[in-house]
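Student: the sequence and its predicted three-dimensional model are supplied below.
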Amino acid sequence: MNTQDFTFLVNMLKKTSGHVLAEDKGYLLDSRLGPIARKENYDSVDALIKAMRTKNDDRLNAIVTEAMTTNETFFFRDRTPFDLFKSDVIPHLTANRPAGSKIKIWCAAASSGQEPYSLAMIMREEAARMKGLQSSILATDISDKVLEKAKTGLYSQFEVQRGLPVQLMVKYFEKANDLWRIDPRLQQHITFRKFNLLENFRGLGQFDVVFCRNVLIYFDQATKTDILNRLAQSIAPDGFLFLGAAETVMGLSDAFVPVPGKRGLYIRKGQAAAAQVA
Ligand SMILES: C[S@@+](CC[C@H](N)C(=O)[O-])C[C@H]1O[C@@H](n2cnc3c(N)ncnc32)[C@H](O)[C@@H]1O
């Protein structure tokens with residue numbers, strides 16, 4: 001691909017998704033955009049990009065942006081955040097929210113649903129200790145394709161064997177031909193919706209807990225800072241933020257502080273109450 005075409009693609013992806021396409025990631029182009037070029041009747045990825053440069057077609061830009069996202073995920077990924085959610089976050093919210101109220105959780109880059117479904121399983125397991133506290137999970141992603149899969153609640157044998165404790169698999173999944181279907185009762189509390197993290201969060205409301213894991217890594221410093229600062233406005237003063245293992249607020253945003261000894265868990269700056277429990 002010539003420099004002008006590559007630069008066009010870099011700028012387009014930055015604008016549509018915030019993603020920074022580094023030059024050393026050029027190898028991804030053929031594997032991810034080759035199938036799209038064929039489907040859209042172009043001879044090659046180069047021909048596809050050239051056409052995009054002249055057409056300025058939002059539909060094609062969105063398809064290419066989606067294809068360039070990395071959707072890797074699995075149940076209870078990295079384990080620790082889910083352990084902390086159970087051991088620290090749920091007890092804090094149970095103690096500090098009126099009985100019977102609803103705690104609001106946002107999975108801000110939910111991919112094919114394993115993250116929100118993992119949280120739904122924990123909450124069902126912990127229900128007896130939650131003093132009637134209800135929960136709702138908003139699970140968003142920029143990609144329609146992964147959201148469609150998440151909504152079906154159907155996973156392959158390989159996917160249910162990655163990270164999911166066997167007793168939870170037995171309890172919450174049933175065989176559906178050669179796939180596994182998640183218990184529809186877990187789906188009732190989850191709303192899947194397309195949402196780009198570059199958009200304004202205001203319409204989404206305020207959350208007690210936000211999982212924004214393994215997505216900031218794709219953005220540049222300014223975009224990470226902007227998203228973290230806006231997330232602070234969307235999280236209750238004593239709420240919680242979970243980031244991925246390779247992500248941090250350090251050097252990016254003063255709105256959050258890490259909870260010492262609790263990897264991946266952040267609270268809003270100055271919130272002693274949440275820190276004490278957490
Ligand atoms: C690597 S997956 C992480 C999934 C899950 N959070 C986890 O940790 O397992 C990153 C997800 O972020 C989504 N994503 C990328 N850019 C986005 C954006 N600008 N807005 C919303 N979602 C985005 C991708 O489509 C992808 O599904």
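Tutor: Yep, that arrived.

Student: could you list the domains of the protein?
Tutor: Domains of the chain are assigned by automatic domain parsing as 3-67, 80-277.

Student: tell me the most buried of these?
Tutor: domain 80-277 (a mean of 18; mean count of other Cβ atoms under 10 Å). The way it works is simple: take the backbone N, C-alpha and C, and place the C-beta from them, glycine included.

Student: need the domains of the chain in CSV with mean pLDDT, can you?
Tutor: CSV is the format used below for these (pLDDT from 0 to 100):
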stretch, mean pLDDT
domain 3-67, 93
domain 80-277, 96
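
Student: how about the ones you listed in a markdown table, adding distance to residue 73?
Tutor: Below are the domains of the chain laid out as a markdown table (distance: least, Cβ to Cβ, whole Å):
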| stretch | distance to residue 73 |
| --- | --- |
| domain 3-67 | 15 |
| domain 80-277 | 4 |
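
Student: can you redo the ones you listed as JSON lines with distance to the ligand?
Tutor: Output for the domains of the chain, formatted as JSON lines (distance: least, Cβ to the nearest ligand atom, whole Å):
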{"stretch": "domain 3-67", "distance to the ligand": "4"}
{"stretch": "domain 80-277", "distance to the ligand": "3"}
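
Student: list just the one of the ones you listed that sits closest to residue 74.
Tutor: Closest approach to residue 74 among the domains of the chain (Cβ to Cβ): domain 80-277, 4.0 Å.

Student: please enumerate the helices of this protein.
Tutor: For the chain, the helices defined by DSSP state H occupy 3-17, 28-39, 45-55, 58-67, 80-84, 90-96, 114-126, 144-152, 157-160, 166-172, 184-187, 221-234, 272-277.

Student: in CSV, list those helices along with distance to residue 265.
Tutor: Output for the helices of the chain, formatted as CSV (distance: least, Cβ to Cβ, whole Å):
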stretch, distance to residue 265
helix 3-17, 26
helix 28-39, 31
helix 45-55, 41
helix 58-67, 30
helix 80-84, 5
helix 90-96, 11
helix 114-126, 14
helix 144-152, 24
helix 157-160, 26
helix 166-172, 22
helix 184-187, 23
helix 221-234, 14
helix 272-277, 10
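
Student: for residue 245, find the nearest of the ones you listed.
Tutor: Ranking these by their distance to residue 245 (criterion: Cβ to Cβ) puts helix 80-84 first, at 8.1 Å.

Student: in PDB, could you pull the C-alpha coordinates for that closest one?
Tutor: The C-alpha trace of helix 80-84 is given here as PDB (Å, rounded to 0.1, in the frame of the first residue of the first chain):
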ATOM      1  CA  THR A  80      -8.700 -10.400  39.400                       C
ATOM      2  CA  PRO A  81     -11.200  -7.700  38.300                       C
ATOM      3  CA  PHE A  82     -14.100 -10.200  38.700                       C
ATOM      4  CA  ASP A  83     -12.700 -11.300  42.100                       C
ATOM      5  CA  LEU A  84     -12.500  -7.600  43.200                       C
END
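
Student: run through who's touching that helix.
Tutor: Identification of contacts with helix 80-84 by Cβ atoms under 8 Å, 6 or more residues apart in numbering yields 76, 118-119, 122, 211, 213, 242, 262-265, 278.

Student: one more pass at 7 Å, please.
Tutor: Contact with helix 80-84 is made by 76, 118, 122, 213, 242, 262-265, as judged by Cβ atoms under 7 Å, 6 or more residues apart in numbering.

Student: check stretch 246-253 too.
Tutor: The set of residues external to stretch 246-253 that reach it, using Cβ under 7 Å, 6+ apart, is 216-217, 221, 224-225, 228-229, 256, 258, 266.

Student: again with stretch 67-77
Tutor: Contacts of stretch 67-77 from elsewhere in the structure, counted by Cβ under 7 Å, 6+ apart, are 13, 17, 19, 32-33, 36, 82, 111-112, 114-115, 118, 142-143, 146, 159, 162-164.

Student: span of stretch 127-140 from start to end?
Tutor: One end of stretch 127-140 sits 24 Å from the other (Cα to Cα, to the nearest Å).
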